[in-house]
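Asks: Provide a 3D model corresponding to the input given below.
(one chain, ligands or ions: 1)
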Amino acid sequence: MPQPRPEVMEFLLSRRSRPAKTLGPGGPDRSALEQMLAAAARSPDHGKLEPWRFIVIEGASREQAQALAADRAQALELDESTAAKTVAAFGQGEVIVAVISSPKPSEKVPLWEQHLSAGAVCLALLNAALASGWGANWLTGKMAYDPVFIMDFLRCTDGEAVAGFIHIGTETVMPQDRPRPNLSAITTWA
Ligand SMILES: Cc1cc2nc3c(=O)[nH]c(=O)nc-3n(C[C@H](O)[C@H](O)[C@H](O)COP(=O)(O)O)c2cc1C
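Replies: Model prediction:
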């Protein structure tokens, strides 16, 4: 017999992100964050390759990220508003967890599946933060795709990529829900 967990379904059916720019100061302490990371690391992972890793960006590291992002925005000649947004993002949320997709050599598990697993980790971390009562948002942005930023700041190696920056902080506003997909338009019952 199925053993329903209605409170979990209620969470999944109503969960929504809190925009990073609305997150206020205050966030999970180290042990609470470790619990969220443990939840995220329970994500499905074909072949048990663990093709992901976390970088916790907090305190002074956020300022270092902002300084490098400012340099990179200039080097990349980003327009003023994109540059400002790119830099500001690293100040949003008390803590930012970079989820790095870190594929492992495998004859059995395609690269695509390893990246998908990293995406699953992002959602699991986002949901763990929301379920713990924090505001949270999954962003990427220009720096996620800048080879210099990801090598110099995140110490990414060849083949690694940023699956997401999960911003976690104190919720200040509960956003209106956004329109959700029309299930009948995206579902085929074969
Ligand atoms: C891989 C990925 C990257 C994203 N990057 C950004 C981003 O850089 N900027 C942005 O405004 N939203 C970005 N989003 C969307 C936000 O996460 C957005 O808040 C989200 O779609 C809201 O979803 P929810 O309310 O269902 O949680 C991204 C989403 C994903 C899956």
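Asks: by contact count, what packs against the longest helix belonging to the chain?
Replies: Secondary structure assigned by DSSP state H gives helix 111-131 as the longest helix of the chain. Helices and strands touching helix 111-131, by 3 or more Cβ pairs under 8 Å, 6 or more residues apart in numbering; DSSP states H and E, are helix 6-14, helix 30-40, strand 52-58, strand 95-101, strand 135-139, strand 161-169. The way it works is simple: take the backbone N, C-alpha and C, and place the C-beta from them, glycine included.
Asks: These: which one's closest to Ile150?
Replies: Taking Cβ to Cβ, strand 161-169 is the member of the helices and strands packed on helix 111-131 nearest to Ile150, at 6.0 Å.
Asks: Tell me the helix or strand right after that closest one.
Replies: helix 183-186 (DSSP states H and E).
Asks: any idea of the mean pLDDT in that next one?
Replies: Helix 183-186 carries an average pLDDT of 98.
Asks: can you check stretch 25-41 too?
Replies: In this model, stretch 25-41 has a mean pLDDT of 98.
Asks: Now do the buried residues in it.
Replies: Under the neighbour-count criterion of 16 or more other Cβ atoms under 10 Å, stretch 25-41 has 27-28, 32-33, 36-37, 39-40 buried.
Asks: ok, these vs the ligand, which is closest?
Replies: Distance to the ligand across these (Cβ to the nearest ligand atom) is lowest for Ala40, with 14.5 Å.
Asks: Leaving out the residues flanking it, which one is nearest to the closest one?
Replies: Distances taken as Cβ to Cβ, 6 or more residues apart in numbering place Leu125 nearest to Ala40, at 3.7 Å, with adjacent residues excluded.
Asks: likewise Lys142?
Replies: The shortest distance from Lys142 to any non-neighbouring residue, by Cβ to Cβ, 6+ apart, is to Thr86 (4.8 Å).
Asks: what about the one you found, neighbour count?
Replies: For Thr86, the neighbour count with other Cβ atoms under 10 Å is 21.
Asks: Can you read off the backbone torsions of it?
Replies: Main-chain dihedrals, Thr86, degrees, to the nearest 10: phi -60, psi -40.
Asks: Kind regards, and thank you for your time.
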